[in-house]
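> got a predicted structure plus its sequence, pasted below:
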Amino acid sequence: MSEVVTGEAVVVEVRVAQLPSRALAFLIDWAVQWAVIILAVVLVTQASVVTDESLATGLLILFVVLVTVGYPVAFETITRGRSLGKLALGLRVVSDDGGPERFRQALFRGLAGFLEFWTFAGAPALITSLLNQRGKRLGDVFAGTTVIGERSPQQAPPPEMPPSLASWAATLELSGLSDDLANTARQYLSRWNQLSPHTRDEMGLRVAARISAQVAPPPPPGVPPYAYLAAVLAERRRREEIRLARVRSTPPPYGPQGLGVQGLGVQRYGVPAPTPPTAPRAAEPPRGEAPTTSGGFVPPV
């Protein structure tokens, strides 16, 4: 995984394509290009019988340039970063900011690819990809692009809440549980069936001890590490789903939708905008008592 910063200053994690998958995608594109070149040579050779030899040579050079440079540029521009090989391997070329690849970037990659693969047999691309942290070749460095993998590996289903621990998990204080430690516990649970009994118990006790240091109250006596970790992660996921549901149901912060600029009472082009209707005033609480908000918070009097 690698992080990219979008134009809105948002950090997004992407899965950078590995060198073997990129090499296999290139071999597929390379085979397609050679097939088209061989077909073009056959057609030009047949046409040279009735045409001028210099014209046939010019047509052959034109076909070679169109295949070696125009093929990747055209495909990556039309499909937003995917050639036939990348489409087969689930890869895509994106900008360094995570946006789609543009024509200018595809052109830079195509011209650099002609030198890297067709002139120097791929040696510059291999060396640069091994030295670059994101596996970029020279074309990616010049164009400001990155090749990512769109097919994420299949993940194990999230752990389910053990029924006997549901009531205890509802009382957990999870604010101190870090994301890294939660991911460690999740990976342990996903590989639980693949571990040997000794490694399974040893690793489970170690991960459970680290989580119990950040989560309170402690589990009931006799709870195995697997059930304890599953209960903590299931409760954490349940609370996160509730929080997201509340955020989605929250009304917009700037009043009802559809009012636009005029709905906010802003004068535009010298014409005063209509004032939005005011809501009926709520009844004032008795003196000495503070109103209670919807979240249960009581402000001081």
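Cool, the structure landed. Numbers count the residues shown, from 1 in each chain.
> which helix runs longest in the protein?
Counting residues, the longest helix found in the chain (DSSP state H) is helix 19-47.
> just for the stretch 51-200 of the chain, where's the confidence low?
Scanning the stretch 51-200 of the chain for pLDDT under 70 picks out 152-156.
> tell me where it has helices.
Along the stretch 51-200 of the chain, the segments classed as helices by DSSP state H, counting those that start in this stretch run 53-65, 71-78, 84-89, 103-113, 123-131, 138-143, 166-169, 179-190, 197-212.
> tabulate the ones you listed (CSV), appending distance to Ile37.
Using the backbone N, CA and C atoms, a C-beta is placed for each residue, glycine as well. Formatted as CSV, those follow (distance: least, C-beta to C-beta, whole Å):
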stretch, distance to Ile37
helix 53-65, 6
helix 71-78, 10
helix 84-89, 15
helix 103-113, 15
helix 123-131, 20
helix 138-143, 20
helix 166-169, 64
helix 179-190, 47
helix 197-212, 54
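> in CSV, list those along with distance to Glu241 and mean neighbour count.
As requested, the helices of the stretch 51-200 of the chain are exported to CSV (distance: least, C-beta to C-beta, whole Å; neighbours: other C-beta atoms under 10 Å):
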stretch, distance to Glu241, mean neighbour count
helix 53-65, 55, 13
helix 71-78, 38, 19
helix 84-89, 34, 20
helix 103-113, 39, 20
helix 123-131, 40, 15
helix 138-143, 38, 20
helix 166-169, 14, 15
helix 179-190, 15, 15
helix 197-212, 20, 15
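> relative to Gly139, how far out is Ala35?
23 Å (C-beta to C-beta, to the nearest Å).
> actually Glu160, not the one I typed
47 Å.
> other SSEs contacting the longest helix of the chain?
Contact analysis of helix 19-47 by 3 or more C-beta pairs under 8 Å, 6 or more residues apart in numbering; DSSP states H and E lists helix 53-65, helix 71-78, helix 84-89, strand 91-95, helix 123-131 as its packing neighbours.
> closest one to Arg236 among those?
Of all the helices and strands packed on helix 19-47, strand 91-95 sits nearest to Arg236, with 31.4 Å by C-beta to C-beta.
> identify the residues contacting that closest one?
Applying C-beta atoms under 8 Å, 6 or more residues apart in numbering, the external contacts of strand 91-95 come out as 14, 17, 21-22, 25, 76, 80-82, 85-86, 100-102, 105-106, 109, 140, 144-150.
> any of those residues buried? List them.
14, 17, 21-22, 25, 76, 81-82, 85-86, 101-102, 105-106, 109, 140, 145-150 (16 or more other C-beta atoms under 10 Å).
> report the secondary structure state of the residue of the chain positioned farthest from its centre.
Note on the chain: the largest C-alpha distance from the chain mean falls to Val50, namely 55.4 Å (C-alpha atoms, centre = their mean). Following DSSP: H, G, I helix; E, B strand; the rest coil, Val50 is assigned to coil.
> mind checking pLDDT for it?
pLDDT, Val50: 72.
> swap in Val10?
For Val10, the model assigns a pLDDT of 42.
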